[in-house]
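[1] Let's see this in three dimensions:
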Amino acid sequence: MELDQDKFTIEQSLEGWVGEKCLAWRDNFEENYSQRFDEYYRLWRGQWSAEDRTRESERSKIISPALQQAVESSVAELEEATFGRGKWFDLKDDKMDQNPEDIAMLRELLYADFKRNRIRKGVAECILNAAVFGTGIAEIVITEEKEFQPATQPIMDGELTAVGVNIVDRTCIKLNPIMPQNFLIDPLATSVEDAMGCAVDEFVSMHVVEQLQEQGVYREAEISNASPDFDIEPDQDLTSFDEDKVRLTKYFGLVPRHLLDEAMKESDDEEVIEFDDEDDSYYVEAVVVIANDGTLLKAEKNPYMMGDRPIVAFPWDVVPSRFWGRGVCEKGYNSQKALDAELRARIDALALTIHPMMAMDASRMPRGSKPEIRPGKIILTNGDPREVLQPFNFGQVGQVTFAQAEALQRMVQTATGAIDSAGTSGSINGDATAAGISMSLGAIIKRHKRTLINFQEAFLIPFVTKAAHRYMQFEPELYPVADYKFETSSSLGIIAREYEVTQLVQLLQTMSPDTPMYPQLVQSIIDNMNLSNREELIASLKQANQPNPEAQQAQQATQQAQLQFQASQTAALNGQASESQARAQKLAMETQIMPQELEIDRIKAVTTNLQAGDAEDKEFEKRLKISQQLLKEREIAVKEGNPVSATPAPAAQPQPAPQATFPPLGQLPQ
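    Below you'll find the predicted structure:
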């Protein structure tokens, strides 16, 4: 049985294998998502359909614009956050690279090419698709175009100048937004990278395929008009145009290696890109293009140097374990349906209460009369008209429907997180207090910021990276090959910026203009404003904040003089301190010397004015004993901690020497 399966697999063609995969993926999409996406599209466009009725007796066809406003407000907020500053992505080089000129050149080249190829328009359409259907998808398309440049050339030995154009062949990277019904992916995948494959299935003009065949991109094959299929039409409510269009299916993903080899051998192309495949796996990454579900136009291995798939996609809100996300229309679907039912019921009731109706006795009406009501109409009756005819109505419409419709509209805004200036006071905060509005705006900004980060990480950065790699591969003369790191420079949306400006202004009012932070806050306020001359104002503000060289020199001179004055004052104080210290040392030395001088005076007093003979010795011994006694008493008093000032009695002086003096012994050293 296994041999039969292998034989069957070998005999199967590549276009047949891809067609079976795409058909199975198409069936899964039709069963699970197609009807819902069609209804989301009609609600956003405001298109009525009989299948959108909420009750069988419903006659009104009005569709409330609440969901349209929510989609447009959310998309505008995301676009403003992405493209509001002009520069919507940045470039980083290796940290070891000290030359930033190559980074600036590559960034400016990418900006110029993106602007020429209208990349911003394609990104904006993908954001809109994500808001309506829940997922934004785009294909990165590589084309070769001729660029015409005006030029002059001298002729006739420089006597005349010819005016003309220079034609330069350029590789262009474009972004092709894809509607959900035109995109097929593995149902078990959660992203383009982890899917077995994905396909773009859409109608294109016949001349596009013929031109690519002339350029050698597609194989030469007979192509006929495609059969109509409303399931993949962009707008299913329009009449299909069946002339000169081809159904083109572009598959990007894994295919059996042997089927791809057989398909490439059948190709008449002489130039084939060869890849060195070390592994011998069953599947290989390839690009397959099929026309009208059966004609193989292209089959080759992935030609891109990074081996990535030329598809980028992002969900507006992530649904766990699903590729298809949750958009604004899905969030506000139930509230929108309830609001439409309320408005249609009111309009139907108005038709019964406002328009005139007449109840009549049919047996008393003339035979063959046509009863109708209009101005100037004469109605014939058999008898008194007051008995035959009677005005009739169904009462009045309740006024509560106005309040109900307003509440349902607020429910749409609550479900989607979309808000505008007209609904600020009513839907954000009923009392319109500053604190309430601030808290409500903070919650709304968080929801927008969440979607913005999801868009940047899943769509914007991968697209810029893949586009740069393709330019490096096919335009190496202009784009040097290097490992660059891209990052988005997206900012806050318009609501978030206005909220931030309000906070900065309130903070600015608490500061003095002389505060160093004051110019920085002013610069932040100007930077958040959507002004045409914002860059000029910021440059002027920076220039005004730079100090004047002359004023700076004068300030430095003043500071230096002040420092010198402070140094001189410090030196004078240090001198005074040194002088005081020297005086204190002198007094300390004098205090130490004083007891010695007192001892000398005591000895001198004992030995002075003595008479000769025995009286002299006795007088000396007497004085000596008195001084020793006083000294002992002094020492005892000092040891006991009660110093006393002993005043000695005057020594008995001999008569022959009345002039002798004796110093007070209370001053003896301790």
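
[2] Select the longest strand from the protein.
    strand 135-155 (DSSP state E).

[3] So what are the sheet partners of that strand and their directions?
    Using DSSP bridges, the strands paired with strand 135-155 in its sheet are strand 160-178 (antiparallel), strand 311-315 (antiparallel).

[4] Next, the buried residues of the longest one.
    The reference is to strand 160-178. 171-178 (16 or more other Cβ atoms under 10 Å). C-beta here means a position set from N, CA and C on the backbone, and glycine is covered the same way.

[5] show me the contacts for Cys329.
    Taking Cβ atoms under 8 Å, 6 or more residues apart in numbering, we find Cys329 in contact with 40, 43-44, 67, 71, 131-134, 336.

[6] could you pull out the helices for the stretch 1-150 of the chain?
    For the stretch 1-150 of the chain, the helices defined by DSSP state H, counting those that start in this stretch cover 2-11, 14-29, 35-45, 66-83, 101-116, 119-133.

[7] Now the nearest residue to Glu243 once chain neighbours are set aside: phi and psi?
    Nearest residue to Glu243, sequence neighbours excluded (Cβ to Cβ, 6 or more residues apart in numbering): Asn225, at 6.6 Å. With angles defined as degrees, to the nearest 10, Asn225 sits at phi -70, psi 140.

[8] Burial check on Asn225, number of neighbours?
    13 (other Cβ atoms under 10 Å).

[9] if I pick it, what's in contact with it?
    By Cβ under 8 Å, 6+ apart, the residues touching Asn225 are 206, 242-246.

[10] Give me the below-cutoff pLDDT ranges for the stretch 51-200 of the chain.
    In the predicted model of the stretch 51-200 of the chain, residues 85, 92-102 satisfy pLDDT under 70.

[11] Same question for the stretch 551-670 of the chain.
    In the stretch 551-670 of the chain (pLDDT under 70), the answer is 595-620, 623, 630-631, 634-635, 637-670.

[12] where along the stretch 351-500 of the chain do the helices fall?
    Secondary structure of the stretch 351-500 of the chain (DSSP H, counting those that start in this stretch): helices at 385-388, 400-416, 434-455, 461-474, 494-508.

[13] Tell me which residues are up against the first one.
    Meaning helix 385-388. Contacts of helix 385-388 (Cβ under 8 Å, 6+ apart): 360-361, 364-365, 379, 381-382.

[14] now swap in the fourth one and tell me
    Contacting residues not belonging to helix 461-474 are listed as 89, 106, 109-110, 113-114, 123, 138, 140, 142, 171, 173, 175, 304-306, 308, 310, 312, 478-482, 484, 486-488 [Cβ under 8 Å, 6+ apart].

[15] distance between it and the chain's centre?
    Chain-centre distance of helix 461-474: 22 Å, with Cα atoms, centre = their mean, to the nearest Å.

[16] Just the strands from the stretch 451-600 of the chain, written as ranges.
    Here the stretch 451-600 of the chain has its strands, by DSSP state E, counting those that start in this stretch, at 485-487.

[17] The helices of the stretch 1-150 of the chain: which one's closest to Gln456?
    Distance to Gln456, taken as Cβ to Cβ, is lowest for helix 66-83 among the helices of the stretch 1-150 of the chain, at 8.0 Å.

[18] what's the angle between that closest one and helix 35-45?
    90 degrees (axes from the mean of the first three to the mean of the last three Cα atoms, to 10 degrees).

[19] Helix 66-83: which residues count as buried?
    66-82.

[20] just checking, what packs against that helix?
    helix 35-45, helix 119-133, helix 328-331, helix 333-353, helix 400-416, helix 434-455, helix 494-508 (3 or more Cβ pairs under 8 Å, 6 or more residues apart in numbering; DSSP states H and E).

[21] which one of the ones you listed is the most hemmed in?
    Most buried of the helices and strands packed on helix 66-83, by mean neighbour count (mean count of other Cβ atoms under 10 Å): helix 328-331, with a mean of 25.

[22] what does the average pLDDT come to for that helix?
    On average, the pLDDT along helix 328-331 is 92.

[23] Okay, and Asp201 sits in which element?
    In this assignment (DSSP states H and E), Asp201 forms part of strand 197-205.

[24] now that strand and strand 135-155, what's the angle there?
    Going by the same axes, to 10 degrees, strand 197-205 makes 60 degrees with strand 135-155.

[25] next one: strand 197-205 to chain centre, how far?
    That offset, for strand 197-205, works out to 32 Å (Cα atoms, centre = their mean).

[26] who does that strand pair up with?
    By DSSP bridges, strand 197-205 pairs with strand 183-185 (antiparallel), strand 245-256 (antiparallel).

[27] Report the buried residues of the helix or strand following it.
    On the C-terminal side of strand 197-205, the closest following helix or strand by DSSP H and E is helix 206-214. Using 16+ other Cβ under 10 Å as the test for burial, helix 206-214 gives 209, 212.

[28] who touches helix 206-214?
    218-221, 223, 225, 244-246, 248, 291, 297.

[29] for stretch 14-21, same thing?
    196-197, 199, 249, 251, 255-256, 259-260, 262-263, 288, 290, 293-296, 299.

[30] can you rerun that using 6 Å?
    The contact list for stretch 14-21 (Cβ atoms under 6 Å, 6 or more residues apart in numbering) reads 251, 259, 263, 288, 290, 293, 296, 299.

[31] pLDDT at Glu262, what is it?
    87.

[32] measure it to Glu58 for me?
    Distance of Glu262 to Glu58, computed by Cβ to Cβ, to the nearest Å: 58 Å.

[33] Next: Glu72.
    According to Cβ to Cβ, Glu72 stands 27 Å off from Glu58.
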